[in-house]
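>>> could you work out the structure for the sequence below:
(chains A and B)
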Amino acid sequence: MGERVYYLDHAAATPCDPRVIEAMRPYFSDVFYNPSASYAGGRAAREALESARSIVAGIIGAKPYDIVFTAGATESINLAFRGVLSGGGKAVISAVEHVAVRRVVENYPHSVAKVDTRGLIDQDDLREQIDDETVLVSVVLADNEFGTVQPLSAVARLLKDIREDRRTRGVVTPLYFYTDASQGQSLLDLGVSRLGVDMMTLNSGKCYGPKQVGALWLKPSVRVQPLVEGGGQERGLRGGTENVAGAVGFAEALRLVQAERHDEAKRLGAIKKQLVDTLSALVPDIVFDGHPKRSLPGHIHMHVDGLDAERVVFHLDTEGVYIATGAACSANKATRLPSLEAVGLTESQADGSLRITLGHLNAAEDVPYTAERIAHAIQTERAL
Amino acid sequence: MSQKVTVGMSGGVDSSVTAALLIEQGYDVTGVYMKNWTQDLPGMKCPWADDMADAKRVAVQLGIPFKVYDFQTEYRRLVVEYMIDEYSSGRTPNPDIMCNQEVKFKLFLQAALQDGADMIATGHYARIADRSQPAEASSAARLYIPEDKVKDQTYFLYRVTAEALTKTLFPLGIYKKEQVRKIAEKFGLATAHKKDSQGICFVGSVGIRDFLNEFVETTPGNIVDTETNAVVGRHDGAIFYTLGQRHGLEVGGGLPYYVVGKDMEKNEVYVSRNLNNDAMWRDFVELTNIHWIHEAPKDGESVAVRMRHRGKLLPAELRGTTLVMHEAERATTAGQSAVVYRGDEVLGGGIVV
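The predicted structure follows:
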């Protein structure tokens, strides 16, 4: 470090926006009070917390009461899955869910619905996986590997038909539609009624807010068990003194990315196109994965068959260019990612897979240099 | 054509510098991570994946090919099971010595040669040949104490064969550890400031007791004072106790107790408060499984012996399979190795009966 860094891994972590840090600042010191305290300071903290909740609710078109703040997205995922499935029933998840979803669902009866080679959910297979014991269906808003944006409203219509069919047959099992919006939240519409979901996970650490803050939105009809018991905070679903500064920062971060999302999507889309074109020219056998149209504007997944992508990442690290092999969570586990297998990448294609995710820290004028370094690293490492 | 050397890279600073030095010396170097053990233990995550990534990171920095040799099956059988068996029989084995004999300087060597290497190298602190020819292998490769007397790892290497040594390089043998760290910094290696690993690699920080608990059924038994024949306490498995051990005996009050023996059949551990107890002091040990790298020392020749890693070099002579020490020493537990030196040279040694 010390030299300039070119950060192309925004899907792994985002830097806190300076405006977010400003918004949070008072709640570390001046307004540090416990929101449950009855004096003026406590009431001020409560007010800030509830205002943050209202902002988040407003953005997704929900009621503030239905937002539960959590310590990050993984906890939100755990609350959703454990909360629903501990009451019995089965889950169906898509084959490109985040590792946190895949891990927590392993504790319960579940099946995995296929995706196509572009990472898009196979709706016929999804329908087939759902039976009368299915209570939870999970399809990510946009996955963290390929950035493929899923047709959630279409899936919601499918689930609506299944619910209606259940009603006519007198089957009373509920069927909830969950989505993890961690990756798409900065650039996509989050309106829950337009998306047709019943539960949604949001993640502050991936939208230029503080880490270890997130939320679970639950439709009022969704019944869940508490995850962390304590002093009854967050509707009793998540005990513990509320992280006021975190919630304020998260709300401000989400507000900012959503207000700027159209411009930012256009900006990132242009950088992405420039990067893809340059890399294609420099490395003729590079293959770009994911969906040509339905993909996040800043998301690039690519592979070079037979390449050791980890070497490329290590190589670029020494030059201050930060990119990823697979998901950051899995990179050091020495295991391949199931989502790469799910889209039909072979072992040697998966091992040769790289991910570039663009965001605030990227500018169009850096593309020629970064593309050249990435291409050079690929050519150097494939020769060894 | 420059000579092809395969370096065993563990992800630590020593093997990283080994690879860097050999490249500088003009060898055609390939890095290999030996995947020997990957099992987590309660309270301890086996760091193999991070270590392998560190090794690979350094290989990339140095611009050399990197491979993984998977020896998990063989390692479990030849090192871990050997160790468990030895403990179960009441002995205290040294798995590092077995790992060098069976894995690093046998399986790894064979695999590297098969892959086209002319030689192997590791980051051990030891020298081959003599001071005038540092790190230079010859047909009469002999093993010597390295420059860094504190890091000296020759105790663990006495069972390596002469044939293996002729195909081995120990570039660190002429350096001190501080110099090795400096070289790592000079090359800007990612592992330059990595902490040294401690203890037996697969046991790690949990300690041998917790490790054995995972793999061996143990039954509690009596601790008996041999001076009074009184039961002075209970132990939770005789295998956990080793001769001369003072700690870990939950026997309260007064002078400390020392382990002076144990009976695996009766599951009893014998202790004494008398530091002069005969069982604790010996001026000879009987050896078995003796291995000489080249020729054996002559009967009665004045040699030196080391009873543990970094232990003092004790004047001794060999009479048949009996090692006679010039002065009585604290007794060594069965299963440990006695390593014989002639001056700086490691001749070989044997396992204490």
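
>>> phi and psi next, for B:Phe187.
Phi and psi for B:Phe187, reported as degrees, to the nearest 10, are phi -80, psi -10.

>>> and it, how many neighbours does it have?
19 (other C-beta atoms under 10 Å in any protein chain shown). Yep, even glycine has a C-beta here, placed from its N, CA and C like the rest.

>>> which residues touch it?
B:Val17, B:Ala20, B:Gln61, B:Leu62 (C-beta atoms under 8 Å, 6 or more residues apart in numbering or on different chains).

>>> okay, now the third one: neighbour count?
The reference is to B:Gln61. 20.

>>> which residues touch the closest residue to chain B within chain A?
Relative to chain B, the nearest point of chain A is A:Phe314 (4.0 Å; C-beta to the nearest C-beta). If you count contacts by C-beta under 8 Å, 6+ apart, A:Phe314 has them with B:Lys56, B:Arg57, B:Val60, B:Gln61.

>>> try it again with 7 Å
By C-beta atoms under 7 Å, 6 or more residues apart in numbering or on different chains, A:Phe314 lies in contact with B:Lys56, B:Arg57, B:Val60.

>>> so the second one touches B:Ala190, yeah?
Yes: contact between B:Arg57 and B:Ala190 holds when scored by C-beta atoms under 7 Å: they sit 4.7 Å apart.

>>> one step back: check what pLDDT the residue of chain A closest to chain B gets.
Note on A:Phe314: pLDDT of 95.

>>> same check on B:Gly244?
82.

>>> mind checking the SS state of it?
coil (DSSP: H, G, I helix; E, B strand; the rest coil).

>>> you'd agree it is up against B:Tyr258?
Yes: B:Gly244 is in contact with B:Tyr258 according to C-beta under 7 Å; the separation is 6.1 Å.

>>> of the two, which one has the most company?
Set side by side, B:Gly244 and B:Tyr258 show more neighbours around B:Tyr258, with 20 against 15, by other C-beta under 10 Å.

>>> what pairs with that one across the strands?
Legend: beta-bridge partners of B:Tyr258 under DSSP bridges are B:Ser272.

>>> residues in contact with it?
B:Tyr258 touches B:Gly244, B:Gln245, B:Arg246, B:Val271, B:Ser272, B:Leu275, B:Met280, counting by C-beta under 7 Å, 6+ apart.

>>> 8 Å instead, please
B:Gly244, B:Gln245, B:Arg246, B:Val271, B:Ser272, B:Arg273, B:Leu275, B:Asn277, B:Met280.

>>> domain-wise, how is the chain divided?
Defaulting to chain A. A:6-15+A:261-382, A:18-259 (automatic domain parsing).

>>> not what I meant, chain B
If you go by automatic domain parsing, chain B breaks into B:4-206, B:217-272, B:280-352.

>>> most packed of these?
Ranked by mean neighbour count, these are led by domain B:4-206 with a mean of 19 (mean count of other C-beta atoms under 10 Å in any protein chain shown).

>>> so the spatially most central residue of chain A versus A:Glu252, what's the distance?
Closest to where the C-alpha atoms of chain A average out (C-alpha atoms, centre = their mean) is A:Ser182, at 2.2 Å. According to C-beta to C-beta, to the nearest Å, A:Ser182 and A:Glu252 sit 18 Å apart.

>>> B:Val7: which of the domains of chain A is closest?
domain A:6-15+A:261-382 (16.7 Å; C-beta to C-beta).

>>> which SS class is A:Ala44?
helix.

>>> report how many residues lie close to it.
A:Ala44, neighbours per other C-beta under 10 Å, totals 18.

>>> that one contacts A:Val31, correct?
Yes: using C-beta atoms under 8 Å, A:Ala44 makes contact with A:Val31 at a distance of 5.2 Å.

>>> mean pLDDT for the domains of chain B: which is lowest?
Among those, domain B:217-272 scores lowest, with a mean of 84.

>>> now B:Glu327: how far from chain A?
Remark: distance between B:Glu327 and chain A (C-beta to the nearest C-beta, to the nearest Å) = 52 Å.

>>> hmm, B:Asp283 and that residue touching each other?
Yes: counting by C-beta under 8 Å, B:Asp283 is a contact partner of B:Glu327 at 6.6 Å.

>>> excluding chain neighbours, give the residue nearest to B:Tyr27 in space.
In space, and not counting its chain neighbours, B:Tyr27 is closest to B:Val5: 4.5 Å by C-beta to C-beta, 6 or more residues apart in numbering or on different chains.

>>> just checking, that neighbour touches B:Gly26?
No: using C-beta under 8 Å, B:Val5 is not in contact with B:Gly26, being 10.2 Å away.

>>> residues of chain B that sit close to chain A?
Along chain B, the residues adjacent to chain A under the rule C-beta under 8 Å from any C-beta of the partner chain are B:Ala49, B:Asp50, B:Met52, B:Ala53, B:Lys56, B:Arg57, B:Val60, B:Gln61, B:Gly63, B:Ile64, B:Pro65, B:Phe66.

>>> let's see it at 10 Å
Counting by C-beta under 10 Å from any C-beta of the partner chain, the residues of chain B close to chain A are B:30, B:35, B:38, B:48-50, B:52-54, B:56-61, B:63-66, B:68, B:188, B:190.

>>> among those residues, which are in helices?
B:Trp48, B:Ala49, B:Asp50, B:Met52, B:Ala53, B:Asp54, B:Lys56, B:Arg57, B:Val58, B:Ala59, B:Val60, B:Gln61 (DSSP state H).

>>> perfect, that will be all.
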